[in-house]
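*Asks:* Please work out how this folds:
(chains A and B)
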Protein chains: 2
Amino acid sequence: MSKVIFDSGISLDGFFAGDNRSPQNPMGGVSGQIHSWMFNQKAFWEYLGFEGGREDGADGRYIRETIARTGAFIMGKRMFEEGEASWPNDLYKAAVYVLTNEVREPWIQEGTTTFYFINNGIESAMDKARQSAKGKDIRIQGGANTIQQFLNAGLVDEFFIHIAPIFLGSGIRLFDGMDKDKYDLQIEEVIPSDLTTHLKYKLTKK
Amino acid sequence: MSKVIFDSGISLDGFFAGDNRSPQNPMGGVSGQIHSWMFNQKAFWEYLGFEGGREDGADGRYIRETIARTGAFIMGKRMFEEGEASWPNDLYKAAVYVLTNEVREPWIQEGTTTFYFINNGIESAMDKARQSAKGKDIRIQGGANTIQQFLNAGLVDEFFIHIAPIFLGSGIRLFDGMDKDKYDLQIEEVIPSDLTTHLKYKLTKK
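*Replies:* Numbering: from 1, shown residues only, chains lettered A, B, ... in the order given. A predicted model of the protein is given here:
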């Protein structure tokens, strides 16, 4: 049975992205700061099909686990537009459902990544992602606003955050406008690291 | 040599207090949610001089350590006004410097708590707290705005947060308007718990 999850890096002051996001300025230029822990990991570069990374400890295991359990992705159109301009080919290696008003044929990449453009809402994207995932998990990739929509619709089962030891001061917060009465949250796992703090939460809809 | 520290509970969405704080509604009514981990601890009740609490594990050790290292407190006037109406006698067992425009004689409580009212800014409060602390640490107690002033003035050496597994949705955020260029932050310790996540950070001024 597929779970709905997300896995996001944030700053200590809660920011998922910086100011002035655009395809020319993905994540508002803060990816290097928020995700530096990830760029240090062999597991991350291995996934991309490159040599790279220096470390392969608990952080790397975490990356491998999340990759292994994900069967399909959902993302918002702003994240997609940023990525279309900058992601390497076949980054997701699965079906990716993009929430957008744009009517567009699926973009089948070389490898196993296909982007599907969904015009009729998050529930429809969920149904399609569930079919693609074949029992693996459905990962809400972002941006923050898309994650908030799924959270506040009561659709998320688990999530993982990585709190980087940095302040950004401004930008787009991951947890903004949360419905405080939607879930009971349980701390599932805490993985300490010098680079970031990995936290896993399990959600039970009230 | 005294360090300047703070030790604050926050929600997962970063709130230190709820909306509509007032002496009639301390912390906007969210203390029970943010601090429930603490109310479970024998160490907390012991400090207050009462019997109470059910647990005495890593969370409790954390409370005892923070109490033992603190030699003086600084707080903002809004927090003081809320507390004046609701705190038990001799809660702080040390000198407490209250940042306020109000000119007022020290309030000497039964026990070892004395509140001093400081009218000439945070540096002056620091100097006085340093003298009182006699080599122990100076704890910036709150509220969030007071902590932000000390952080952004580059005066904080270490801080501890306790992230409760709850969303509040709105209120006063602990880390709002952070100066992103003031410090290098280092993760000093992570203490997992089912009740909250304890994180300690060490700050080096850039």
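
*Asks:* Roughly how far does the spatially most central residue of chain A sit from chain B?
*Replies:* Compute the mean C-alpha point of chain A, and by Cα atoms, centre = their mean the closest residue is A:Q141, 2.9 Å away. Here A:Q141 is placed at a distance of 20 Å from chain B (Cβ to the nearest Cβ, to the nearest Å). Quick note: C-beta positions are derived from backbone N, CA and C, even for glycine.

*Asks:* Okay, and that residue sits in which element?
*Replies:* strand A:137-142 (DSSP states H and E).

*Asks:* so what strands line up beside that strand?
*Replies:* Using DSSP bridges, the strands paired with strand A:137-142 in its sheet are strand A:4-11 (parallel), strand A:70-76 (parallel).

*Asks:* ok, back up a step: what pLDDT is listed against the residue nearest to the centre of chain A?
*Replies:* Note on A:Q141: pLDDT of 98.

*Asks:* which residues touch the residue nearest to it when sequence neighbours are not counted?
*Replies:* Of all residues not flanking A:Q141 in the chain, A:M75 sits nearest, at 4.2 Å (Cβ to Cβ, 6 or more residues apart in numbering or on different chains). Neighbouring residues of A:M75 by Cβ atoms under 8 Å, 6 or more residues apart in numbering or on different chains: A:83, A:96-99, A:140-143, A:146.

*Asks:* does the residue nearest to the centre of chain A really touch A:K77, like I thought?
*Replies:* No: counting by Cβ atoms under 8 Å, A:Q141 does not reach A:K77; the two are 11.9 Å apart.

*Asks:* interface residues of chain A facing chain B?
*Replies:* With Cβ under 8 Å from any Cβ of the partner chain as the criterion, chain A comes near chain B at residues A:12-14, A:163, A:165-169, A:173, A:175-180, A:182-183, A:185-187, A:189-190, A:192-197, A:199, A:201.

*Asks:* Kindly recompute the last result at 7 Å.
*Replies:* Applying Cβ under 7 Å from any Cβ of the partner chain, we find that chain A lies next to chain B at A:12-14, A:165-169, A:175, A:177-180, A:185-187, A:190, A:192, A:194, A:197, A:199, A:201.

*Asks:* Any of the residues you listed buried? List them.
*Replies:* Buried by 16 or more other Cβ atoms under 10 Å in any protein chain shown: A:12-14, A:165-169, A:175, A:178, A:180, A:185, A:187, A:190, A:197, A:199, A:201, out of the residues of chain A next to chain B.

*Asks:* thinking again about what came up before, show me what secondary structure element comes after the strand holding A:Q141.
*Replies:* Counting by DSSP H and E, what follows strand A:137-142 is helix A:144-152.

*Asks:* same for that following helix, what does it pack against?
*Replies:* Packed against helix A:144-152, as judged by 3 or more Cβ pairs under 7 Å, 6 or more residues apart in numbering or on different chains; DSSP states H and E, are the following elements: strand A:4-11, strand A:70-76, strand A:137-142.

*Asks:* among the ones you listed, which is the most enclosed?
*Replies:* strand A:137-142 (a mean of 25; mean count of other Cβ atoms under 10 Å in any protein chain shown).

*Asks:* got the angle for it vs helix A:144-152?
*Replies:* 140 degrees (axes from the mean of the first three to the mean of the last three Cα atoms, to 10 degrees).

*Asks:* hmm, who's touching strand A:137-142?
*Replies:* Outside strand A:137-142, the residues that touch it by Cβ atoms under 7 Å, 6 or more residues apart in numbering or on different chains are A:2-8, A:16, A:69-76, A:79, A:126, A:129-130, A:146-147, A:150.

*Asks:* Show me the helices in chain A, by range?
*Replies:* Secondary structure of chain A (DSSP state H): helices located at A:31-34, A:36-39, A:42-48, A:58-69, A:77-86, A:122-133, A:144-152.
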